[in-house]
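Trainee: Return atomic coordinates for the entry below.
(chains A and B, ligands or ions: 2)
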Amino acid sequence: MASRSTEAGQGLRMIAPPLLYAVLMLAIPLLTILTFSFINDGYQTVIWEFTLENYAEVWADPIFRALMLRSLGVAVLVTLATVVLAFPVAYFLSFVVPPRRKAMWIFLITIPFWTSYLIRVFLWKVILGYNGVINSGLKSLGLIEQPLSFLLYNTGSIVVTLAHAYAPFAILPIYVALERIDRSLLEAGRDLGESRLMTFWRVTLPLAMPGVLAAVLIVFIPTMGDYVTPTLIGGGKIPMVANLIQKQMLAVDNKPLGSAIAVTAMVIVTLLAGLFLLLNRRFLRVRT
Amino acid sequence: MTARNPSPAPVPKSGPARDEQGRPTPIGSRRAMIECRDVHKYYGDYHALRGIDLTIREAEFFSLLGPSGCGKTTLLRTIAGFEDISSGVVLIDGRDMAKVPANARPTNMVFQSYAIFPHLTVAQNVAFGLRRDPRSRAEKAAAVDEALAMVGLKGYGARAAHALSGGQRQRVALARALILKPKVLLLDEPLSALDRKMREQMQVELIKLQRQVGITFVLVTHDQEEALVMSDRIAVMFEGEIAQLSYPEELYSRPVSRRVADFIGMMNFMPVRILGETDAGVRVEVPGFGEFDIPAANVSRADPGDPGPSVGFRPEAVTILYRDAPAPHRETPGIIEEVVYYGDMTYYDVRLDGAERPVRISMRNVFGRDIQDLGTRTRVSWSPGSLILFR
Ligand SMILES: Nc1ncnc2c1ncn2[C@@H]1O[C@H](COP(=O)(O)OP(=O)(O)OP(=O)(O)O)[C@@H](O)[C@H]1O
Ligand SMILES: [Mg+2]
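Mentor: Ligands and ions are numbered 1, 2, ... in the order given. Sure, this is the predicted structure:
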């Protein structure tokens, strides 16, 4: 009995730092939001009374629905663009780059991360803007007279910016999955009569799927809740769900309603991610 | 490996390339299945295959044997089409393979790692190569079941491939290749990942399977015992070259060089002084054995790295004489310096009078024969015909 309790104590001591971190950084903020979402709002303050009214309001709100749908749409587009573009890069890294050069290539891919996300988003504004790189370039080439105004402040520019920002997050998991594929499996595919293309389709791609699925989730979940890009690149004209939450929380100072929107969005994302994994579960079987 | 372990149950060794009466034909008279003509392969500056010439015949069980890094896998992969050769010709069933990619060659491979697709079931693995097979789905499923039954995995079709043991993986790899009825099955050290008991069992099963399907098997191995047990013929390779290509019995009893002799089984080597050529062969003097003639047929090559000419003999090529039994051949006295008991065999290290180092002699432990004691003076019976001269 004594030894058992010391064992438990040892175990507890060992997990204490990450546990503390998880509680402070994840559980407490989440629980706060959750609590706020179930209480009443009074102007400038909150009324400590349990209620489901916030949720009823969220679901009845057409603006929420529109923004949620837009956020989902943007996230789907960004995810598609990012993963489809990341796959060839990861494939090139894994299959074409000679082993001794791989570290250098990965290093190069992470270079954009040396500056902050905010600055990278700003850069796209500089590139796409009214007097930006593209417009002045085209103007000096004499191709256009007036700057193109459709480059910025629309969904397309949001998608481009986010896809660029998340590219390495998609490349790396796919790269890791490709690296883990035993090369003799590809030779076996060829040996059993399949062309390179069919071997890719029947062997490489299914085995890379865990990486692709990870990339999809890693890109989809944060883009869904992105706040900076719609603000800067969308110019505030194309708000997404995060902007709505920000408005409720800070501008309108309705913390309970803001929290309820946040929780609802979170639940929707969780359900979608779960459904996505469920549909793809055959690719996630354990393997040795 | 010091001892040649008793092989598993003896199995006759010819594939069913049979004559009208259904009898297997001699290997040498069969159709050529694989021909390599002066095949060279460079990896950058490294010369991995240095002029390989060989002919492997129909329904033959052929082994490529050699130490690590000698180019066995490289040669197998050039036959399979995974490596382009730098010069030379590879023919399979009479067809030049120069422009034929791996997926179009009439060969299939059992990979060293088995290369079982981890995302597929056992049955899907076996059926992998049947995609373009015109047969109906039901017929293909029946073929898969039959292939699995052939390798002893009846009823395993629905299992996930990643949950199989090493021996089972190998059987799946065999079934997956054999279901396509290739002209040649290439096996790269298929047994090296198995434990000893399993390995010996699989050796016998592979030989039986080969006879049953009548396909040419080319086996890569660095285990000389495995090669001797399984093969119709063996090519011994060193450093990208074939040192000797022959039948197992001949390889064992008539190695062409000291290096081959050393690699196959165990051999005692003794320094020798060459006195001259005679009508009977070569006159030599060996400390311990004295002066005698070695028959010309028993003269092999020394290798460049050898310390000089030597004579060699297998541990079972000479015998220890018991009590006052008369010597059937010549006899030499000596003293027993080491006794190693193996159950069915005993190894004696005997120092012959006048020799510098002891030689190893093996004796079968037949009923009624005592194990000799350490330090006993004894007599060794030998004949010049059981010695090989490497010069
Ligand atoms: N892709 C390659 N690039 C460069 N050198 C290679 C390559 N493949 C093999 N080699 C070299 O060619 C030589 C022969 O290799 P191979 O794999 O054929 O040996 P092996 O006889 O199969 O040895 P083992 O028993 O260890 O498998 C080795 O020295 C190896 O280092
Ligand atoms: Mg090898």
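Trainee: and residue B:212, how many residues sit next to it?
Mentor: 12 (other C-beta atoms under 10 Å in any protein chain shown). (C-beta placed from N, C-alpha, C; glycine too.)
Trainee: can you pull out the strands in the stretch 1-150 of chain A?
Mentor: Along the stretch 1-150 of chain A, the segments classed as strands by DSSP state E, counting those that start in this stretch run A:39-42, A:45-50.
Trainee: can the ones you listed go into TSV with extra columns for mean neighbour count, distance to chain B and mean pLDDT?
Mentor: Listed next are the strands of the stretch 1-150 of chain A as TSV, based on neighbours: other C-beta atoms under 10 Å in any protein chain shown; distance: least, C-beta to the nearest C-beta, whole Å; pLDDT from 0 to 100:
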stretch	mean neighbour count	distance to chain B	mean pLDDT
strand A:39-42	17	49	82
strand A:45-50	10	49	80
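Trainee: Can you add distance to residue B:120 and give these back as TSV?
Mentor: What follows is the strands of the stretch 1-150 of chain A, written out as TSV (distance: least, C-beta to C-beta, whole Å):
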stretch	distance to residue B:120
strand A:39-42	54
strand A:45-50	53
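Trainee: out of those, nearest to ligand 1?
Mentor: strand A:39-42 (67.6 Å; C-beta to the nearest ligand atom).
Trainee: Note down every partner strand of the closest one and its orientation.
Mentor: In the sheet, strand A:39-42 lines up against strand A:45-50 (antiparallel) (DSSP bridges).
Trainee: Which positions in stretch B:61-68 come out as buried?
Mentor: Within stretch B:61-68, the residues scored as buried using 16 or more other C-beta atoms under 10 Å in any protein chain shown are B:61-66.
Trainee: For stretch B:276-290, list every residue counted as buried.
Mentor: For stretch B:276-290, by 16+ other C-beta under 10 Å, it's B:281-282, B:284, B:286, B:288-289.
Trainee: got a list of what residue 173 touches?
Mentor: No chain was given, so I picked chain A. Going by C-beta atoms under 8 Å, 6 or more residues apart in numbering or on different chains, residue A:173 touches A:211-212, A:214-215, A:218.
Trainee: nope, chain B
Mentor: With C-beta under 8 Å, 6+ apart, residue B:173 has these contacts: B:110-111, B:114-116, B:190.
Trainee: Please apply the same query to residue B:103.
Mentor: A:190-195, B:81.
Trainee: Would you format those as CSV with distance to ligand 1 and neighbour count included?
Mentor: Listed next are those as CSV, based on distance: C-beta to the nearest ligand atom, whole Å; neighbours: other C-beta atoms under 10 Å in any protein chain shown:
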residue, distance to ligand 1, neighbour count
A:190, 16, 22
A:191, 17, 29
A:192, 22, 28
A:193, 24, 21
A:194, 22, 22
A:195, 22, 13
B:81, 15, 21
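Trainee: and of those, the nearest to residue B:176?
Mentor: residue A:192 (6.9 Å; C-beta to C-beta).
Trainee: Look up phi and psi at the closest one.
Mentor: phi -90, psi 10 (degrees, to the nearest 10).
Trainee: That one: what's it in contact with?
Mentor: Residue A:192 sits in contact with B:103, B:108, B:128-129, B:176-177, B:180, where contact means C-beta under 8 Å, 6+ apart.
Trainee: Just the pLDDT at it, thanks.
Mentor: Listed pLDDT for residue A:192 reads 96.
Trainee: low-confidence ranges in chain B?
Mentor: B:1-24 (pLDDT under 70).
Trainee: Spell out which parts of it neighbour chain A.
Mentor: Neighbours of chain A within chain B, by C-beta under 8 Å from any C-beta of the partner chain: B:80, B:82, B:101-104, B:107-109, B:111-113, B:115, B:117-119, B:128-129, B:131-132, B:160, B:162, B:176-177, B:180.
Trainee: Just the buried residues of those residues.
Mentor: By 16+ other C-beta under 10 Å, those give B:80, B:82, B:102-103, B:107-109, B:111-112, B:115, B:117-119, B:128-129, B:162, B:176-177, B:180 as buried.
Trainee: What is the neighbour count of the spatially closest residue to residue A:153 that is not a sequence neighbour?
Mentor: Nearest residue to residue A:153, sequence neighbours excluded (C-beta to C-beta, 6 or more residues apart in numbering or on different chains): residue A:235, at 4.2 Å. A count of neighbours around residue A:235, defined by other C-beta under 10 Å, yields 13.
Trainee: can you tell me how far residue A:235 sits from ligand 1?
Mentor: Remark: distance between residue A:235 and ligand 1 (C-beta to the nearest ligand atom, to the nearest Å) = 55 Å.
Trainee: Over to residue B:374?
Mentor: Residue B:374 is 38 Å from ligand 1, where distance means C-beta to the nearest ligand atom.
Trainee: That residue and residue B:340 touch, don't they?
Mentor: No: if you go by C-beta atoms under 8 Å, residue B:374 and residue B:340 don't touch, sitting 10.6 Å apart.
Trainee: Which residue does the stretch 251-391 of chain B have closest to ligand 1?
Mentor: residue B:263 (12.6 Å).
Trainee: what residues are up against that residue?
Mentor: B:65-67, B:224, B:236, B:238.
Trainee: For residue A:194, give me its contacts.
Mentor: Applying C-beta under 8 Å, 6+ apart, the residues contacting residue A:194 are A:202, B:103, B:128-129, B:131.
Trainee: same thing but at 7 Å, please
Mentor: Neighbour list for residue A:194: A:202, B:103 [criterion: C-beta atoms under 7 Å, 6 or more residues apart in numbering or on different chains].
Trainee: Could you say which helix or strand holds it?
Mentor: Using DSSP states H and E, residue A:194 falls within no helix or strand.
Trainee: Tell me the spacing between it and residue B:184.
Mentor: Residue A:194 sits 19 Å away from residue B:184, going by C-beta to C-beta, to the nearest Å.
Trainee: Please apply the same query to residue A:173.
Mentor: To residue B:184, residue A:173 is 40 Å away according to C-beta to C-beta.
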